[in-house]
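Q: this one's structure only:
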């Protein structure tokens with residue numbers, strides 16, 4: 001993080017559902033079809049699990065059960081699948097990677113820069129200029 005960037009984190013036992021209006025909450029999940037861009041007037045919940053395995057659509061279902069809007073990072077819009085012997089492509093990221101992407105986007109207002117900072121090559125996605 002650049003020295004000029006300061007953020008505050010508060011912890012609470014209260015649910016985000018009790019702290020913010022439902023229409024202000026957006027649940028970030030890789031299973032969302034909404035690649036909408038970050039709206040500074042919304043509160044973003046980083047959907048995640050403390051687990052090594054991937055549970056497809058679990059965070060999407062949780063958001064739907066809570067009647068929340070969903071969104072995903074615009075990986076498909078700005079990155080391409082890399083050619084690899086593993087043929088592995090995943091948009092599922094660790095919470096720290098999502099946080100790094102959001103912080104970098106906030107600082108640069110550039111999705112390519114933000115995604116490059118947070119999406120490791122092991123995920124099977126690269127920026128188009130890295131394919132050459």
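A: Received it, and whenever you're ready, just let me know what you need. Because the structure is predicted, anything quoted here is derived from the model rather than measured.
Q: in this protein, which spans are strands?
A: Along the chain, counting by DSSP state E, strands occupy 25-28, 43-46, 69-71, 80-81, 125-126.
Q: For the chain, give me the ranges with low pLDDT.
A: Counting by pLDDT under 70, the chain has low-confidence residues at 1-7, 36, 47-55, 84-87, 130-132.
Q: Okay, buried residues for the lengthiest helix in the chain please.
A: What stands out as the longest helix in the chain, according to DSSP state H, is helix 95-108. Buried residues in helix 95-108, counting neighbours by 16 or more other C-beta atoms under 10 Å, are found at 97-98, 100-105. Any C-beta I mention is one placed from the backbone N, CA and C, and that applies to glycine too.
Q: of these, closest to residue 76?
A: Residue 76 has its nearest neighbour among these in residue 101, at 14.1 Å by C-beta to C-beta.
Q: isn't that closest one right up against residue 116?
A: No: applying C-beta atoms under 8 Å as the test, residue 101 and residue 116 come out as separate, 9.3 Å apart.
Q: For residue 105, see how far away the residue nearest to residue 111 when sequence neighbours are not counted is.
A: Spatial nearest neighbour of residue 111, excluding adjacent residues (C-beta to C-beta, 6 or more residues apart in numbering): residue 78 at 4.9 Å. Here the criterion is C-beta to C-beta, to the nearest Å. By it, residue 78 lies 11 Å from residue 105.
Q: Now the common contact residues for these two.
A: The contact sets of residue 78 and residue 105 overlap at residue 111 (C-beta atoms under 8 Å, 6 or more residues apart in numbering).
Q: Show me where this structure has its helices.
A: With DSSP H as the criterion, the chain has helices spanning 16-19, 58-65, 75-78, 95-108, 111-118.
Q: Flag every buried residue along stretch 18-26.
A: 25-26.
Q: Actually, stretch 118-127.
A: Buried, per 16+ other C-beta under 10 Å, within stretch 118-127: 118-119, 123-127.
Q: Which one of these is nearest to residue 88?
A: residue 124 (4.9 Å).
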